[in-house]
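Undergrad: After the sequence you'll find the predicted model.
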Amino acid sequence: MTMKKGSLSIDSENIFPIIKKWVYSDHDIFVRELVSNGCDAITKLKKLDMMGEYELPDNYKAKIQVIVNPEEKTLKFIDNGLGMTAEEVEKYITQIAFSGATQFLEKYKDKTTEDEMIGHFGLGFYSAFMVADEVHIDTLSYQNDATAVHWVSEGGTEYEMQDGNKQEVGTEITLFLNEDCLEFANEYRVREVLEKYCSFMPVEIFLSKANAEPEYETIDEADVLDTDEVVEHITEEPKEGEEGEAKQKAKIVKRPVSISDIHPLWTKNPSECTKEDYIDFYRKVFMDYKEPLFWIHLNMDYPFNLKGILYFPKINTEYDSIEGKIKLYNNQVFIADNIKEVIPEFLMVLKGVIDCPDLPLNVSRSALQNDGFVNKVADYISKKVADKLNGMFKTDRENYEKYWDDISPFIKFGCLKDEKFGSKVKDSILYKDLEHKYLTLEDCIKANKKEDAETEETKTETTEGTDAAENSEQAEKEKTTVYYVTDEQQQSQYINMFKEQGQDAILLTHNIDSAFITYLEQKHEDVKFMRIDADVHESLKDEVSEDEKEEFQKTSDSIVEIFRKELGNDKLDVKVEKLKDDNVASMAVLSEESRRMAEMMKMYGMSGMDPSMFGTQATLILNANHPLVKFVVEHKRSKNVSIICKQLYDLAMLAHKPLNPEEMTAFVQRSNEIMMLLTK
Ligand SMILES: Nc1ncnc2c1ncn2[C@@H]1O[C@H](COP(=O)(O)OP(=O)(O)OP(=O)(O)O)[C@@H](O)[C@H]1O
């Protein structure tokens, strides 16, 4: 072929400056594009061999070589795929690839910031010009009597093509790196990029440095393979004083190690994979030395192709961020991490890999979001996670309980975020009780229902024709109250009282639980949640008989009056009860509604407002059975009454919320005073 000059069709002189400037941080994607072109070329050649249109040489071993040359400032990609004829270079590179790249850039050039295309998929061969001023292609087609081609383009719209001298079938792309991108002539930098995008590509990839001194290794002669290049045979005599025969060794050129694992675990059948395989894969991919709790191997061919592994990581929420990582692949080619359009948001806390060749990745992210197919993929993933959880709940309850504390925030978050997921897993949600036993919501309702035996009766009495107001009151009455604890330490006084009376409660101690409780109450009309300190549970009180009532009322009024006076607050909310637990003199309760209101105010940054405006003041409960309270009524005039009232108030509040600095100072001072009294 005589030298052929041409100009890349289409009026787009601006394309190269645009390609060069393309999202600076993503410069490295050209590596993925060129390596995956090589993979495609190899796949095509293997297909031709299978179809009998070409015969692969006996010793054929598909591979892609990547060679850095810092001296010449070049980077080469060599594949032994099907190669191209001059006509094909003309057609595929100067016409199709170029027009593809032009279209791509036309479409996305203004949108690189807010509407990024997924991992710039589809930019193709011309992404080479992101980092190179000049690109050469040397290629020899598999076709009979093909002539090698040498193609050169200097990053403008011009190119030259002539006969080349490539001897083996395949393609070699040489990038002459521009001054800003010399990092890509560095072996370590290129290794890093290859590991990012090409770790699981379906062809072996070998990285080397041009003109590097060869490295050697010595192995047993018996282990030498046909493919090894032996430089020396060595006979190792036994050391002095050692028994045995001489060992035959061979010094060989160090065997190259492929960067890609061509059969990643997710492509295998789950039945072939062992626990160790899953754990090793997890450690390798996520560099997390901790063992994951469990995993889900996704493997589906119909109605779409999707494979992957999702791991539930072990998380110490106090110290670790719960940022997960889900790597998205397209036919083993890495696309990007955490594509929220494909992976349901609540699963972003997991770690995993998803390979879905059918995803339309050459569109923008916002288009992906509204794509019906993509939504189906996301639904499928979330369904599989729900199935796995339900399966474990049913058949492996013991381990499921072991994992529960770690996984429950994810699952609750999932319920709040994804209606379908929530209804699928609703029966597999566990609640830990005061004895740290795990119950289902149904168990909790059953356990608490006993207390509401009366409710049942009232229910049967309801007659037709009752008006709406009565009905809704009725519905309210029919709800079973489940008590919960948000902080085992702070609420320990209440917990002890509950335990003493054989009354159970559940622990809901995570941040997410307050939203989750609201969610549960919406979903289950028959249940209502109340924090353990929201009121004084009936079972904790002694009944006041009819005869005692009048007397008790009198004493109560008197106690209330004394406390209001001593605490200097005539609006103080005080209630006197006869508590069964005679260790408790005072406690504070805050109604569930008021507390939720206060929490909401805090969440919306209204904490500076006066809580009494919303009735969010706690009520002081005094135990009429307790000697200290009795002392107060019986010795109204004692000089110690004031100190007792204040101390009882602070002690009650302490178990309820942290004291403010002035309250704390007063409390400490008063405690010292009390101890001083002991010395007298
Ligand atoms: N290493 C190669 N060996 C053989 N043919 C190649 C090679 N690289 C590119 N080609 C040919 O050039 C064409 C254009 O390549 P380009 O990378 O621009 O786009 P693509 O691979 O078709 O699609 P994508 O945009 O997804 O990368 C390819 O379809 C292929 O026919």
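TA: Now that the structure is in, tell me what you want to look at. Residues are numbered from 1 along each chain as shown.
Undergrad: which residues touch the longest helix seen in the chain?
TA: Ordering each helix of the chain by length in residues (DSSP state H) puts helix 372-395 first. Here helix 372-395 makes contact (C-beta atoms under 8 Å, 6 or more residues apart in numbering) with 294, 296, 298, 300, 303-304, 306, 310, 341-344, 346-347, 354, 356, 358-360, 368, 399-400, 403, 407, 411, 414, 418, 420-421, 424-425, 427-428. Backbone N, C-alpha and C define where each C-beta goes, glycine included.
Undergrad: Show me what counts as buried in that helix.
TA: Neighbour counts over helix 372-395 (16 or more other C-beta atoms under 10 Å) mark 374, 377-378, 380-382, 384-386, 388-390, 392-393 as buried.
Undergrad: pLDDT averaged over that helix, what's the number?
TA: The pLDDT scores in helix 372-395 average 92.
Undergrad: Just the CA coordinates for it, please, in PDB.
TA: Extracted C-alpha coordinates of helix 372-395, given in PDB (Å, rounded to 0.1, in the frame of the first residue of the first chain):
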ATOM      1  CA  GLY A 372     -37.700   0.900  33.500                       C
ATOM      2  CA  PHE A 373     -35.200  -1.800  33.000                       C
ATOM      3  CA  VAL A 374     -32.700  -0.300  35.400                       C
ATOM      4  CA  ASN A 375     -35.500   0.000  38.000                       C
ATOM      5  CA  LYS A 376     -36.300  -3.700  37.500                       C
ATOM      6  CA  VAL A 377     -32.600  -4.500  38.200                       C
ATOM      7  CA  ALA A 378     -32.800  -2.500  41.400                       C
ATOM      8  CA  ASP A 379     -36.000  -4.200  42.400                       C
ATOM      9  CA  TYR A 380     -34.500  -7.600  41.700                       C
ATOM     10  CA  ILE A 381     -31.500  -6.900  43.900                       C
ATOM     11  CA  SER A 382     -33.600  -5.700  46.800                       C
ATOM     12  CA  LYS A 383     -35.900  -8.700  46.400                       C
ATOM     13  CA  LYS A 384     -33.000 -11.100  46.600                       C
ATOM     14  CA  VAL A 385     -31.700  -9.400  49.800                       C
ATOM     15  CA  ALA A 386     -35.200  -9.700  51.300                       C
ATOM     16  CA  ASP A 387     -35.400 -13.400  50.300                       C
ATOM     17  CA  LYS A 388     -32.000 -14.100  51.800                       C
ATOM     18  CA  LEU A 389     -33.000 -12.500  55.100                       C
ATOM     19  CA  ASN A 390     -36.300 -14.300  55.200                       C
ATOM     20  CA  GLY A 391     -34.600 -17.600  54.400                       C
ATOM     21  CA  MET A 392     -32.100 -17.100  57.200                       C
ATOM     22  CA  PHE A 393     -34.800 -16.100  59.600                       C
ATOM     23  CA  LYS A 394     -36.700 -19.300  58.900                       C
ATOM     24  CA  THR A 395     -33.900 -21.900  58.600                       C
END
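Undergrad: which of the contacts of helix 372-395 are buried?
TA: 294, 296, 298, 306, 310, 341-344, 346-347, 354, 356, 359, 368, 400, 403, 407, 411, 414, 418, 421, 424-425, 428.
Undergrad: out of these, who's near the ligand?
TA: Among the buried ones among the contacts of helix 372-395, none lies close to the ligand by the criterion of C-beta under 6 Å from any ligand atom.
Undergrad: Tell me the residues on this protein that lie near the ligand, please.
TA: So the chain meets the ligand at 33, 37-38, 41, 79, 81-82, 84, 92-93, 96-97, 100, 122, 124-125, 171 (C-beta under 6 Å from any ligand atom).
Undergrad: I'd say M161 and E90 touch.
TA: Yes: counting by C-beta atoms under 8 Å, M161 touches E90, with 7.3 Å between them.
Undergrad: still on that earlier bit, helices - which of the residues of the chain next to the ligand land there?
TA: If you go by DSSP H, these have 33, 37-38, 41, 100 in helices.
Undergrad: now those residues in a markdown table, with pLDDT and neighbour count?
TA: A markdown table is the format used below for those (pLDDT from 0 to 100; neighbours: other C-beta atoms under 10 Å):
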| residue | pLDDT | neighbour count |
| --- | --- | --- |
| E33 | 92 | 22 |
| N37 | 95 | 21 |
| G38 | 97 | 27 |
| A41 | 96 | 24 |
| G100 | 73 | 17 |
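Undergrad: Show me which pair in the residues you listed is furthest apart.
TA: Farthest pair in those (C-beta to C-beta) is G38 and G100. Separation: 17.4 Å.
Undergrad: quick revisit: any of the residues of the chain next to the ligand buried? List them.
TA: 33, 37-38, 41, 79, 81-82, 84, 92-93, 97, 100, 122, 124-125, 171.
Undergrad: Pull the most distant pair out of those.
TA: Comparing all pairs in these by C-beta to C-beta, the longest separation belongs to L82 and G122, at 20.9 Å.
Undergrad: and Y289, how many residues sit next to it?
TA: 6 (other C-beta atoms under 10 Å).
Undergrad: give me phi/psi at it?
TA: Main-chain dihedrals, Y289, degrees, to the nearest 10: phi -70, psi -20.
Undergrad: Can you give me every residue that contacts it?
TA: Contacts of Y289 by C-beta under 8 Å, 6+ apart are R283.
Undergrad: what number of residues lie near A588?
TA: Residues near A588, counting by other C-beta under 10 Å, number 21.
Undergrad: Same check on the one 4 residues further on?
TA: Using other C-beta under 10 Å as the criterion, E592 is surrounded by 19 other residues.
Undergrad: Please apply the same query to F563.
TA: Residues near F563, counting by other C-beta under 10 Å, number 24.
Undergrad: where does the stretch 1-150 of the chain dip in pLDDT?
TA: The model of the stretch 1-150 of the chain has pLDDT under 70 over residues 7-25, 107-120, 122.
Undergrad: could you pull out the strands for it?
TA: Applying DSSP state E, counting those that start in this stretch to the stretch 1-150 of the chain gives strands spanning 4-7, 63-69, 74-79, 132-140, 149-153.
Undergrad: again, but for the stretch 351-500 of the chain
TA: 351-355, 431-433, 438-439, 480-485.
Undergrad: can you list the ones you listed in TSV and add distance to K541?
TA: What follows is these, written out as TSV (distance: least, C-beta to C-beta, whole Å):
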stretch	distance to K541
strand 351-355	51
strand 431-433	22
strand 438-439	25
strand 480-485	15
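Undergrad: secondary structure class for G155?
TA: Classification of G155 using DSSP: H, G, I helix; E, B strand; the rest coil returns coil.
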